[in-house]
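Undergrad: structure here, sequence nowhere to be found:
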């Protein structure tokens, strides 16, 4: 199947509409499943699927077999698109919450509830102080909707390593937030701080 997808993609890059139609049928299902798993919305998953397949059509010539299979390449696009949707939805939800238009029902551990409930500006400032690995794990877990086991699979890491990064990241985040909150004279957002919705996996 991998060789067939590669052949279809190469033909699509040359403008072969028939080959792209076959490629579309082969990969649309996995792309939709990936988007639905992350977004938990059929409408958003359908939109992401269309966006990804349009991107495949436009950038087919950029594919390099030595970097992975066609399906992996396409699913990576789907993952990035879905993450963007998750971040946009999170930002919108935070705006609604601040405006008093949305009530949240806590359903997570108290420590995580405390992190979410703290002032957004302090969280953004504190998040920028974490290591890239810790920030990556936290964003995937709490804003990407991944379980710890799924994060381990995605990043190719042992489950214990992922658990440690999330635990240590939460502890450092809480400590950093406390530090920021105890210094009223300091700037609310340090120079170079990473906005919460923009923090994530560095590619």
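TA: Cool, the structure landed. Since this is a predicted model, take the numbers as computed values, not measurements.
Undergrad: got the contact list for stretch 4-24?
TA: By Cβ atoms under 8 Å, 6 or more residues apart in numbering, the surrounding residues in contact with stretch 4-24 are 26, 27, 53, 56, 57, 60, 61, 63, 65, 69, 70, 71. Yep, even glycine has a C-beta here, placed from its N, CA and C like the rest.
Undergrad: and for stretch 146-158?
TA: With Cβ under 8 Å, 6+ apart, stretch 146-158 has contacts from 38, 79, 136, 137, 140, 141, 159, 161, 162, 163, 166.
Undergrad: what's next to stretch 59-74, contact-wise?
TA: 2, 5-6, 8-10, 12-13, 20, 27, 30-31, 52, 56, 76.
Undergrad: could I have the buried ones of those as ChimeraX selection syntax?
TA: Per 16 or more other Cβ atoms under 10 Å, the buried members of those correspond to this ChimeraX selection:
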select :5,6,8,9,10,12,13,20,27,31,52,56
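Undergrad: helices - which of the contacts of stretch 59-74 land there?
TA: Counting by DSSP state H, the part of the contacts of stretch 59-74 found in helices is 2, 5-6, 8-10, 12-13, 20, 27, 30-31, 52, 56, 76.
Undergrad: circling back to that earlier point, can you select the buried ones from the contacts of stretch 4-24 in ChimeraX?
TA: To isolate the buried ones among those in ChimeraX, judged by 16+ other Cβ under 10 Å, type:
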select :26,27,53,56,57,60,63,70,71
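Undergrad: among the contacts of stretch 4-24, which two are most distant?
TA: Using Cβ to Cβ, the contacts of stretch 4-24 span at most 19.6 Å, a distance reached by 53 and 65.
Undergrad: quick one: buried residues of stretch 35-46?
TA: Buried-residue list, stretch 35-46, by 16+ other Cβ under 10 Å: 35, 36, 38, 39, 44, 45.
Undergrad: typo on my end, it should be stretch 17-24
TA: Result for stretch 17-24 [16+ other Cβ under 10 Å]: buried residues 19, 20, 22, 23, 24.
Undergrad: tell me which element the spatially closest residue to residue 79 that is not a sequence neighbour falls in.
TA: Excluding its sequence neighbours, the residue lying closest to residue 79 (Cβ to Cβ, 6 or more residues apart in numbering) is residue 34, at 6.5 Å. Residue 34 is part of helix 17-39 when elements are defined by DSSP states H and E.
Undergrad: what mean pLDDT does that helix have?
TA: The pLDDT scores in helix 17-39 average 91.
Undergrad: residue ranges with poor pLDDT in the protein?
TA: Applying pLDDT under 70 to the chain flags the ranges 92-124, 126, 142-144, 176-203.
Undergrad: returning to what we had before: among the contacts of stretch 146-158, name the buried ones.
TA: Buried by 16+ other Cβ under 10 Å: 38, 79, 136, 137, 140, 141, 162, 166, out of the contacts of stretch 146-158.
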